[in-house]
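**Q** sequence-free structure coming up:
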């Protein structure tokens, strides 16, 4: 039937919980909310850890018609690929199929010559990059086959409600003066924690992964969030989540946050050493209320410009035009 919804096929292996997994789940949800399309997902047979199994149940449906045993696309269906999902495409014998492929590209490492992800750039696909920096990196390789589009990452964290001074309502009553989000840079996070201990600055250290709700609760309960990205991040969503939560953000420069992290406008950007980070934390603690209120206001505006609703609207426009995009690929 021509009126039957077009299925969009997703796949997830046993990879650990990460911002990339959260974003993959967001795109699954975007398809759910697009008229004329319906998602299907298959999971790797490899058993995840208990922690990752819990994350899987929260991020993707645990049962029902949306979960399939294997990819079995019909003639009008689409394939959604992210990371190493290309391996699964090959195992299903679909490498030469004419089903339109949407490839979510979340990291600049796709542009690194010699890597597995770099090898997939020559595969025909409509590529959706999470930042302009990622799009520029893969385009510069000269290997990409198909259109390269950009949808900056959005967050599902609702922006804080501001008080009269622009700061989050109840900001001073937050229980944690400083939270260090250091699971991507654990050694640097521990070094900063040691410095703050020596200076008597109360803080909480997250050097490992937290559950999603626990992580967001920590941001919402902290006055200052120190978020430590890898230098080659494709976007770094925790920085946006900290802004939306109303924590004053201290962070580092990385490739994927340059489009939205602006030093002393909506955050403080430190050098990647514990001394510079400790000075940035002290500066954030001592910041006059008027200056802090302005920074919070800019951070809230940044979060609003990176809403999940806006991301969804942009992706729906791609789905609506997917057949023409695929013909051009």
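**A** Perfect, thanks for sending it. The model shown is predicted, which means the values in this text are computed figures rather than measured ones. Numbers count the residues shown, from 1 in each chain.
**Q** Any buried residues in stretch 156-163, and which?
**A** For stretch 156-163, a neighbour-count test (16 or more other Cβ atoms under 10 Å) marks 156-157, 159-160, 162 as buried. Every residue, glycine included, has its C-beta placed from N, CA and C.
**Q** my guess is residue 223 is in a helix, correct?
**A** No - Residue 223 is assigned strand when assessed by DSSP: H, G, I helix; E, B strand; the rest coil, not a helix.
**Q** tally of neighbours for it?
**A** The number of residues packed near residue 223 is 21, by other Cβ atoms under 10 Å.
**Q** before we move on, what about residue 329?
**A** The local packing of residue 329 (other Cβ under 10 Å) involves 16 other residues.
**Q** can you check residue 263 too?
**A** When neighbours are counted by other Cβ under 10 Å, residue 263 registers 12.
**Q** helix or strand for the nearest residue to it once chain neighbours are set aside, which one?
**A** Nearest residue to residue 263, sequence neighbours excluded (Cβ to Cβ, 6 or more residues apart in numbering): residue 269, at 4.1 Å. Following DSSP states H and E, one finds residue 269 within strand 268-270.
**Q** and that strand, what other elements does it pack with?
**A** strand 248-252, helix 274-286 (3 or more Cβ pairs under 8 Å, 6 or more residues apart in numbering; DSSP states H and E).
**Q** what's next to the first one, contact-wise?
**A** This points to strand 248-252. With Cβ atoms under 8 Å, 6 or more residues apart in numbering as the test, strand 248-252 has contacts from 185, 223-229, 231, 236, 239, 242-243, 257, 261, 266-272, 277, 280-281, 284, 287, 292, 295-296, 299.
**Q** how far off helix 274-286 does that strand point, in degrees?
**A** 160 degrees (axes from the mean of the first three to the mean of the last three Cα atoms, to 10 degrees).
**Q** Okay, now the sheet partners of strand 248-252, with direction.
**A** Applying DSSP bridges, strand 248-252 is found paired with strand 222-227 (parallel), strand 268-270 (parallel).
**Q** ok now it, how far from the chain's centre?
**A** Between the centre of strand 248-252 and the centre of its chain there are 17 Å (Cα atoms, centre = their mean, to the nearest Å).
**Q** same question for it, mean pLDDT?
**A** Mean pLDDT, taken over the full extent of strand 248-252, equals 98.
**Q** Show me which residues of that strand are buried.
**A** Going by neighbour count (16+ other Cβ under 10 Å), the buried part of strand 248-252 is 248-252.
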